[in-house]
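# Here is my input, please return the structure:
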Amino acid sequence: MLVAAAVCPCPPLLVPEVAAGAAPEMSTARDACAEVLGVLAAARPDRLVVVGPAERDGRHPQGSRGSFRGFGVDLDVRLGRGGTTDPAPSQATLPASLAVAARLLDRVGWADTPVEGLGVGGSRSVERCVQAGRDIAGSAERVALLVMGDGSACRTLKAPGYLDDRAVGFDAEIARALAAVDIAALQALDAGLARELQASGRAPWQVLAGAAESATLGGSLLYDDAPYGVGYLVAVWS
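Numbering: from 1, shown residues only. Here you go, the predicted model:
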């Protein structure tokens, strides 16, 4: 049963070592992420599953390794107990979104609860995302989810996807749905539109929607902004 869920964005800039001089610009979002991770810990789950966008679907067991060397930073991480490590680059298998999650968890001292990751590809169908969420929720008596993903990347002329007039409305609906725990709205997200707007969070959010179908949770939106023309949202369900 899902007992709590946190939603965080997944830009590598959330990691201070990667952000470097831009670190202060992400400090509010980073603080919000730390706060929602505290809510997950307080829920005392038996199992934490981290879900994030990836090039292809894949499961990542506790201890899986990730690296930020590709972003020019000599920083390596491990998912779950063990914290920061120094794996060989060839052993770093976590997609970037889950590596960011691993670093966030490490920074708040997450240690005891078993953790595993699920990377979901952008082409994964709504039905498969929802079913994956149902399976996760049924995998333990008390399950928590950390859901990584960004909104549209088309909010400004300098955004990665340039300016698209549909982006603001798309992100606003996601923010509303997360604040209201509107599971139906998340399940109804248009995968094609999300792809056009380069919204990497679509599939992870729909995994969350499937996991929460049998839960009774309240929602709170802690952060909603687009500092680089990309929609970043932080929310918690508990």
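# Find the least confident helix or strand in the chain, judged by mean pLDDT.
With mean pLDDT, DSSP states H and E as the measure, the helix or strand of the chain carrying the lowest mean pLDDT is helix 16-19 (a mean of 90).
# my guess is Ala137 meets Ala211, correct?
Yes. With contact defined as C-beta atoms under 8 Å, Ala137 reaches Ala211; the gap is 4.2 Å. Where C-beta positions appear, they are placed from N, C-alpha and C, glycine not excepted.
# Show me the common contact partners of those two, please.
2, 143 (C-beta atoms under 8 Å, 6 or more residues apart in numbering).
# which residue sits closest to the residue most central in space within the chain in space, ignoring its chain neighbours?
Closest to where the C-alpha atoms of the chain average out (C-alpha atoms, centre = their mean) is Met148, at 0.6 Å. Using C-beta to C-beta, 6 or more residues apart in numbering and skipping residues adjacent in sequence, the residue nearest Met148 is Gly52, 3.5 Å away.
# One more: Ala153?
Using C-beta to C-beta, 6+ apart, the closest residue to Ala153 is Gln198 (3.8 Å).
# what's the burial count for that neighbour?
A total of 20 residues lie near Gln198 under the criterion other C-beta atoms under 10 Å.
# repeat for Ala212
21.
# Correct me if wrong: it contacts Asp182.
No. Ala212 is not in contact with Asp182 according to C-beta under 8 Å; the separation is 10.2 Å.
# give the contact list for the nearest residue to Asp225 once chain neighbours are set aside.
Distances taken as C-beta to C-beta, 6+ apart put Tyr232 closest to Asp225, at 5.9 Å, once the chain neighbours are dropped. Going by C-beta under 8 Å, 6+ apart, Tyr232 touches 9, 11, 29, 150-151, 223-226.
# just Gly80 next, same as before
Gly80 neighbours (C-beta under 8 Å, 6+ apart): 62-63, 102, 105, 110, 114-116.
# Where is pLDDT lowest across those?
By pLDDT, Trp110 ranks lowest within these, coming in at 85.
# Would you mind listing the buried residues in the longest helix along the chain?
Across the chain, the longest stretch assigned as helix under DSSP state H is helix 27-42. Neighbour counts over helix 27-42 (16 or more other C-beta atoms under 10 Å) mark 29-30, 32-33, 35-37, 39-41 as buried.
# want to throw these into TSV with distance to Glu127 and pLDDT?
Output for those, formatted as TSV (distance: C-beta to C-beta, whole Å; pLDDT from 0 to 100):
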residue	distance to Glu127	pLDDT
Ala29	31	96
Arg30	34	95
Ala32	31	98
Cys33	29	98
Glu35	33	97
Val36	28	98
Leu37	30	97
Val39	29	97
Leu40	27	97
Ala41	32	95
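# Flag the shaky bits of the protein, pLDDT-wise.
For the chain, applying pLDDT under 70 flags the ranges 22-23, 82-92.
# Sketch out the helices for the protein, chain order is fine.
Under DSSP H, the chain gives helices at 16-19, 27-42, 96-107, 126-137, 167-180, 183-187, 191-196, 202-211.
# Neighbour-wise, give me the winner out of the contacts of Tyr232.
Counting neighbours by other C-beta under 10 Å, Gly151 leads these with 30 neighbours.
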